[in-house]
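Student: predicted model and sequence follow; I will ask about them next.
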Amino acid sequence: MKLYSIFLTFLFIISLIFISSLASAATDSDRTLGDEDSAVTMEVFTDFQGPFDAKWWNNTLPLIEEKYVSTDKINIVFKYFPLSSHSNAFDRARAAECAAEQGDFFKFADEFYERLSFNYDYEDFVELAKENDMNIPVFEICFYSSNTENRISKDSNEAMERGFNGVPTFYVGGQEIAGSQPYSTFEEAIEEALRKVEGGSDPRIVTCKDSDNGKDYELSGKTSYSFEGQRKTHEDFCIDNKTLIEGYCEDRKFSNISYECEHGCLNGYCLPKPVKGFRHAYWTCYDGDNQTSEDNSSCKTYETWKSYAREYCEDNCLDGKCGVNSFSISKECNAGFNDEDKENGKDKEDNDDSDFNEIDNNETDDKEIPLVCENSCPLDDKCYPFGYRKVKKFCSDEGLFVSQFESEVTCENNFECSSNVCISNNCVSQSLIDKIFNWFRNLFG
């Protein structure tokens with residue numbers, strides 16, 4: 001009977017894992033109308049219990065779809081902004097997100113905007129999922145998932161950070177539109193956004209001055225120009241997190257161009273390549289002295305840790321050799337951007353150590369350090385990976401070999417124990433393992 005209960009429990013766990021594997025988290029594309037590669041994206045922050053949201057959905061959206069979405073000029077991304085004053089709004093957003101996982105976001109949205117006053121409960125949402133032939137176990141797991149709640153909160157926080165305080169709120173081409181405005185308001189904003197993206201010079205502009213002196217994509221600039229007798233200003237801006245609209249002057253005329261930023265777009269300029277950093281370093285000097293250093297409060301570049309090691313080992317000598325003999329770094333993190341590179345708007349290639357495990361010792365800057373290891377441990381002129389066992393020691397994630405633990409010591413991995421067995425976060429003694437093996441030998445003859 002006990003074995004039968006264990007077997008049923010095992011089957012239950014396997015079933016849960018299988019059902020969970022059927023679900024894949026919804027993405028923006030699951031809540032998007034139109035071609036994702038369209039020139040312009042319009043974001044809609046909505047509340048599924050908002051009367052003005054429903055008005056826009058039923059009256060204005062069809063007109064925008066017909067003229068701009070169906071012709072692949074724009075796409076529309078829907079985001080959640082349930083107001084606390086609408087008691088059913090958050091649960092509606094939960095259900096819509098779970099429907100998005102299975103490709104039915106817009107069916108649920110249609111339902112919710114049609115029945116603003118209806119107070120849906122959990123059973124109502126499940127019944128709606130059944131009507132749309134959805135996978136019910138997957139829907140149910142999703143509905144109470146923290147990932148679903150986090151997604152809704154993420155969108156709401158984004159709206160508040162942008163200063164939005166009501167629904168619906170729209171964002172298109174750098175312009176905010178608050179409330180269910182007439183179709184003409186959206187038409188004007190979309191046309192302006194399309195004009196900016198398409199770029200091109202205008203012959204009516206007769207004077208032009210650009211603060212970043214042309215097409216400098218890694219510096220946010222401002223272009224001032226006169227247009228039909230009026231002074232106007234264009235500030236470089238991002239239409240999404242990767243596309244920059246760069247203004248510039250050409251033959252004393254204003255032009256703008258759409259540019260795809262490799263590492264992202266922020267505040268009107270393309271972000272430079274991020275600099276990889278590390279939180280932990282370990283080094284040994286020629287005389288055998290060594291130092292372990294860790295900084296969990298900040299992220300330091302390889303060059304910074306290396307300078308610490310050089311300073312520490314400067315006067316540590318053996319047989320006429322002084323300085324650092326071996327050096328390792330681990331616990332990778334993002335150190336942001338190199339200040340000098342960001343100021344100049346350029347990246348330095350020698351800051352990019354992203355591909356090394358053992359660094360090429362032919363580099364001029366590293367001649368005095370014979371061995372440099374990343375996420376590994378230096379020993380006997382080699383770099384060994386984490387967990388490698390050698391002479392009753394193992395390569396730890398601190399970048400150095402440490403002695404294996406004896407029995408009853410807390411552990412996380414088998415290789416940390418001298419017996420190579422870690423059970424329930426404790427090292428098992430070799431003698432106990434021998435007794436168990438002997439018992440099996442005696443049992444089976």
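Tutor: Sure, I can see it.
Student: what residues are up against Asp236?
Tutor: Asp212, Ser220, Gly221, Lys222, Thr223, Leu244, Ile245, Glu246, Gly247, Gly268, Tyr269 (Cβ atoms under 8 Å, 6 or more residues apart in numbering). Using the backbone N, CA and C atoms, a C-beta is placed for each residue, glycine as well.
Student: could you find the closest non-adjacent residue to it?
Tutor: Excluding the flanking residues, the one nearest Asp236 by Cβ to Cβ, 6 or more residues apart in numbering is Gly268, at 3.9 Å.
Student: contact partners for that neighbour?
Tutor: Contacts of Gly268 by Cβ under 8 Å, 6+ apart are Ser220, Gly221, Glu235, Asp236, Phe237, Cys238, Leu244.
Student: before we move on, the earlier item: ChimeraX command for the buried members of the contacts of Asp236?
Tutor: Buried residues within the contacts of Asp236, by 16 or more other Cβ atoms under 10 Å, are selected in ChimeraX with:
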select :212,220,221,223,244,245,246,247,268,269
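Student: which SS class is Ser224?
Tutor: strand (DSSP: H, G, I helix; E, B strand; the rest coil).
Student: and it, bridged to which residues?
Tutor: Beta bridges link Ser224 to Lys209, Thr233, judged by DSSP bridges.
Student: what's the distance between the residue nearest to Asp236 and Gly221?
Tutor: 8 Å (Cβ to Cβ, to the nearest Å).
Student: and for these two, which residues touch both?
Tutor: Glu235, Asp236.
Student: in stretch 208-216, which of the residues would be classed as buried?
Tutor: Neighbour count says stretch 208-216 has Cys208, Asp210, Asp212, Asp216 buried, by 16+ other Cβ under 10 Å.
Student: can you check stretch 307-322 too?
Tutor: Tyr308, Ala309, Tyr312, Cys313, Asn316, Cys322.
Student: chain center to the helix or strand where the third one lies, what's the gap?
Tutor: Counting by DSSP states H and E, the element that carries Tyr312 is helix 302-313. The offset between the C-alpha centroid of helix 302-313 and the centroid of the whole chain comes to 31 Å, using Cα atoms, centre = their mean, to the nearest Å.
Student: who are the packing partners of it?
Tutor: With contacts taken as 3 or more Cβ pairs under 8 Å, 6 or more residues apart in numbering; DSSP states H and E, helix 302-313 sits against strand 276-285, strand 290-294, strand 324-334.
Student: any chance you could map the helices in this structure?
Tutor: 2-22, 51-55, 61-64, 89-101, 105-114, 122-131, 136-143, 146-161, 183-198, 302-313, 339-344, 430-444 (DSSP state H).
Student: let's have these in a markdown table, adding mean pLDDT and distance to Pro370.
Tutor: Formatted as a markdown table, the helices of the chain follow (pLDDT from 0 to 100; distance: least, Cβ to Cβ, whole Å):
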| stretch | mean pLDDT | distance to Pro370 |
| --- | --- | --- |
| helix 2-22 | 47 | 48 |
| helix 51-55 | 96 | 66 |
| helix 61-64 | 96 | 65 |
| helix 89-101 | 95 | 53 |
| helix 105-114 | 96 | 58 |
| helix 122-131 | 96 | 63 |
| helix 136-143 | 91 | 54 |
| helix 146-161 | 92 | 48 |
| helix 183-198 | 86 | 54 |
| helix 302-313 | 88 | 12 |
| helix 339-344 | 38 | 29 |
| helix 430-444 | 78 | 37 |
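Student: using a markdown table, lay out those together with distance to Cys285.
Tutor: As requested, those are exported to a markdown table (distance: least, Cβ to Cβ, whole Å):
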| stretch | distance to Cys285 |
| --- | --- |
| helix 2-22 | 51 |
| helix 51-55 | 67 |
| helix 61-64 | 68 |
| helix 89-101 | 56 |
| helix 105-114 | 61 |
| helix 122-131 | 65 |
| helix 136-143 | 55 |
| helix 146-161 | 48 |
| helix 183-198 | 58 |
| helix 302-313 | 4 |
| helix 339-344 | 30 |
| helix 430-444 | 36 |
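Student: Lys79 is nearest to which of the ones you listed?
Tutor: Smallest distance to Lys79 across the helices of the chain (Cβ to Cβ): 4.1 Å, for helix 146-161.
Student: which other residues reach the closest one?
Tutor: The contact list for helix 146-161, computed with Cβ under 8 Å, 6+ apart, reads 25-26, 45, 79-82, 90, 93-94, 97-98, 142, 169.
Student: the residue lying closest to Leu83 once chain neighbours are set aside: how many residues sit nearby?
Tutor: Leaving aside its chain neighbours, Leu83 sits nearest to Asp47 (5.2 Å; criterion: Cβ to Cβ, 6+ apart). A count of neighbours around Asp47, defined by other Cβ atoms under 10 Å, yields 26.
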